[in-house]
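need a 3D model of the following:
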Amino acid sequence: MGVRRDPDWGDSRYVKSLRAVVGDSEAKRWMRVAQQRQQVEDVRRWVMVELAKLDVDATVRSLFGQRKLPQLAYHFERHGAALGCQTITEYEARFLAAMNRRYEEIFVTRQSKARSVLMWLAFDRATNEVLQFNQASGQVHSFYWVEDWSKYLASVCPVRIVLVDGIWRVQQ
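Below is the predicted model:
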């Protein structure tokens, strides 16, 4: 808050701008943080609306019925080394093992390129392996490794789906 003194009108109070209080660079940083938080909330809100249209339990169960990773060679080339795989056969075996795991939670977000497509992410916290499913195509989108899954999840603004009494439910 600031105060202006005028000999004719007396004191008047006004609210200082963020820039005036913390400086130009710090104000820009705060604005970026606020925009990022708003984007996260916009994505979460959109995902929740889309999930309300689905039978979440049936959708999650259908994801794991697949046994093929489209463009296997492409994905091996991009992600095989990070997963510690020397051959495409080894990469495929790791993918199939990930498909057969029992997951207790799945995350859902919006695809970054096609903004109206749900992406389902199954994480193995022990290995940091990620299975990514594309709702629109109805198939596995990718299989990869992330260094820090909590940081990764924060970057993709997901909604958490959990297995409760044998049924997949949206966690509020």
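
this structure: helices as residue ranges?
18-22, 24-52, 56-63, 72-79, 88-100, 149-156 (DSSP state H).

ends of stretch 132-151, what's the gap?
17 Å (Cα to Cα, to the nearest Å).

show me the contact partners of it.
59, 62-63, 66, 68-70, 75, 78-79, 82-83, 91, 94-95, 98-99, 111, 114, 117-123, 125, 127-131, 152 (Cβ atoms under 8 Å, 6 or more residues apart in numbering). C-beta: built from backbone N, CA, C; applies to glycine.

remind me which residues of this protein are low pLDDT?
112-115 (pLDDT under 70).

for Arg169, give me its contacts.
Val56, Asp57, Ile161, Val162, Leu163.

that older thread, got JSON lines for the helices of the chain, with mean neighbour count too?
Putting those into JSON lines (neighbours: other Cβ atoms under 10 Å) gives the following:
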{"stretch": "helix 18-22", "mean neighbour count": "13"}
{"stretch": "helix 24-52", "mean neighbour count": "13"}
{"stretch": "helix 56-63", "mean neighbour count": "16"}
{"stretch": "helix 72-79", "mean neighbour count": "16"}
{"stretch": "helix 88-100", "mean neighbour count": "16"}
{"stretch": "helix 149-156", "mean neighbour count": "14"}
